[in-house]
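**Q** Give me a 3D structure for the following:
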Amino acid sequence: MEIFLNVVLLAAGLALIVKGGDFFVECASWIAKALGVPELIIGATVVSVGTTLPELFTSLTAVIQGMAVGGEAAEGFNMIAVGNSIGSMLCNIGLILGLAIAVRPPSIGRGFAPKAVFLCCAAAVSAAFCMTGSGISLAEGIALLAVFGAFVALNIAEGKRDVRVSVSGPALRERYSAKTWAAKFAVFAVSAVAIAGGAKLLCDNAQALCISLGISQQIVGITVVAIGTSLPELVTCMTSLVKGRTDIGVGNIIGANVINGTLLLGVSAAVTGSGLPIDAFTAQAAVPAMLVITAVLVVPSLIFKKTFRVQGAILLALYTGFVIYNIVAVT
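**A** Numbering: from 1, shown residues only. Predicted coordinates for the structure are as follows:
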């Protein structure tokens with residue numbers, strides 16, 4: 001009965017995170033526009049980060065809870081945090097994008113190359129930090145946050161080139177009643193609480209399930225938690241697939257993976273004040289797998305200026321093979 005309750009609460013946590021994230025991004029975008037912030041800035045910050053809010057809040061909550069409990073329990077929470085970040089990167093490309101490319105290979109637009117190259121650089125930097133030493137140090141976490149800042153700057157530069165507007169130019173503001181403002185801020189606050197509460201439910205019950213079933217927190221973090229928090233990317237990619245706009249899904253996944261590898265790990269390492277420990281299996285197997293899957297997506301796409309169904313099939317096979325190997329090796 002206790003295990004069933006943990007599963008129900010874990011699912012409830014995921015639902016709160018995903019739906020809370022939707023409302024949070026919608027309200028944040030509305031507030032920014034109402035304050036006269038250019039859409040260019042909104043797209044490069046609020047929207048791009050918004051799709052990874054589930055992963056961000058889950059990893060951050062896990063790290064904070066680990067700091068609070070200390071000891072062996074803290075190690076388990078750290079595994080969930082790191083597994084969520086690396087696992088989401090694997091899931092986004094290997095499972096979600098692999099499926100989309102296998103069904104309907106998207107064309108490669110001119111905006112793909114700079115973001116894909118940036119993804120490779122961000123993945124390489126985060127991998128180097130994870131695979132050296134005992135984890136990501138505080139200084140390395142700050143460096144990852146700087147890389148994330150550079151990614152936001154790249155998005156802004158790309159947006160300025162595409163829409164040909166100036167960030168410093170005047171923005172059109174609309175007048176809204178105090179009642180409308182109050183309603184938007186109320187939804188904004190409630191959605192933030194829902195995300196935070198959902199993240200705590202998810203982490204607590206993932207940890208409880210691991211203890212009850214004798215499963216490693218690393219497995220749950222890199223599979224169940226990572227896939228669950230990647231639901232917004234899955235929905236976006238599948239929706240764009242149905243509408244014949246898979247290229248939108250590709251762009252969203254690339255942005256999400258840059259954020260997962262820089263903002264998530266960087267914030268988690270910075271919050272502890274002493275860095276973020278990385279377990280041996282994640283450093284020696286999961287991180288290299290993430291690099292291989294990223295290369296399979298990016299390298300052929302840059303060379304041939306398009307994607308291929310066989311490429312999607314390979315991504316799916318690599319992801320499935322890694323998950324099976326992870327379960328067998330860690331169990």
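
**Q** send the alpha carbons of the strand or helix carrying Ala100 over as PDB?
**A** Assigned by DSSP states H and E, Ala100 falls within helix 98-103. Provided in PDB are the C-alpha atoms of helix 98-103 (Å, rounded to 0.1, in the frame of the first residue of the first chain):
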ATOM      1  CA  GLY A  98      14.900   9.900 -32.200                       C
ATOM      2  CA  LEU A  99      11.300   9.000 -32.500                       C
ATOM      3  CA  ALA A 100      10.400  12.200 -34.300                       C
ATOM      4  CA  ILE A 101      13.300  11.900 -36.800                       C
ATOM      5  CA  ALA A 102      12.500   8.200 -37.400                       C
ATOM      6  CA  VAL A 103       8.900   9.100 -38.300                       C
END
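
**Q** Just the residues contacting it, thanks.
**A** For helix 98-103, the surrounding residues in contact (C-beta atoms under 8 Å, 6 or more residues apart in numbering) are 106, 237-238, 240-241, 246, 249-250, 307-309, 311-316, 318-319. All C-beta atoms are positioned from the backbone trio N, CA, C, and that covers glycine.

**Q** So how do I select the buried members of those in ChimeraX?
**A** Of the contacts of helix 98-103, the buried ones can be selected in ChimeraX as follows, counting by 16 or more other C-beta atoms under 10 Å:
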select :106,237,238,240,241,246,249,250,307,311,312,314,315,316,318,319
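
**Q** Mind checking which of the contacts of helix 98-103 land in strands?
**A** If you go by DSSP state E, the contacts of helix 98-103 have nothing in strands.

**Q** Okay, helices next: where are they in the stretch 51-200 of the chain?
**A** Using DSSP state H, counting those that start in this stretch, the helices of the stretch 51-200 of the chain run over 53-69, 71-90, 98-103, 112-131, 138-163, 178-213.

**Q** again, but for the stretch 201-331 of the chain
**A** 217-220, 226-229, 231-242, 246-259, 265-272, 280-281, 287-304, 309-330.

**Q** looking just at contacts, which helices and strands does the shortest one meet?
**A** To tie it back to what came earlier, the one meant is helix 280-281. Here helix 280-281 touches helix 309-330, going by 3 or more C-beta pairs under 8 Å, 6 or more residues apart in numbering; DSSP states H and E.

**Q** could you dump the helix it packs on to CSV, C-alpha only?
**A** Output of helix 309-330 as CSV, limited to C-alpha atoms (Å, rounded to 0.1, in the frame of the first residue of the first chain):
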residue,chain,number,x,y,z
ARG,A,309,15.2,8.1,-40.6
VAL,A,310,18.1,5.7,-40.0
GLN,A,311,19.6,8.4,-37.8
GLY,A,312,16.4,8.5,-35.7
ALA,A,313,16.4,4.7,-35.5
ILE,A,314,20.0,4.7,-34.3
LEU,A,315,19.2,7.3,-31.6
LEU,A,316,16.3,5.2,-30.4
ALA,A,317,18.5,2.1,-30.3
LEU,A,318,21.3,3.8,-28.5
TYR,A,319,18.9,5.3,-25.8
THR,A,320,17.1,1.9,-25.3
GLY,A,321,20.5,0.1,-25.1
PHE,A,322,21.8,2.6,-22.6
VAL,A,323,18.7,2.4,-20.3
ILE,A,324,18.9,-1.5,-20.3
TYR,A,325,22.7,-1.4,-19.6
ASN,A,326,22.2,1.1,-16.8
ILE,A,327,19.6,-1.0,-15.1
VAL,A,328,21.6,-4.2,-15.4
ALA,A,329,24.9,-2.5,-14.3
VAL,A,330,23.6,-0.6,-11.3
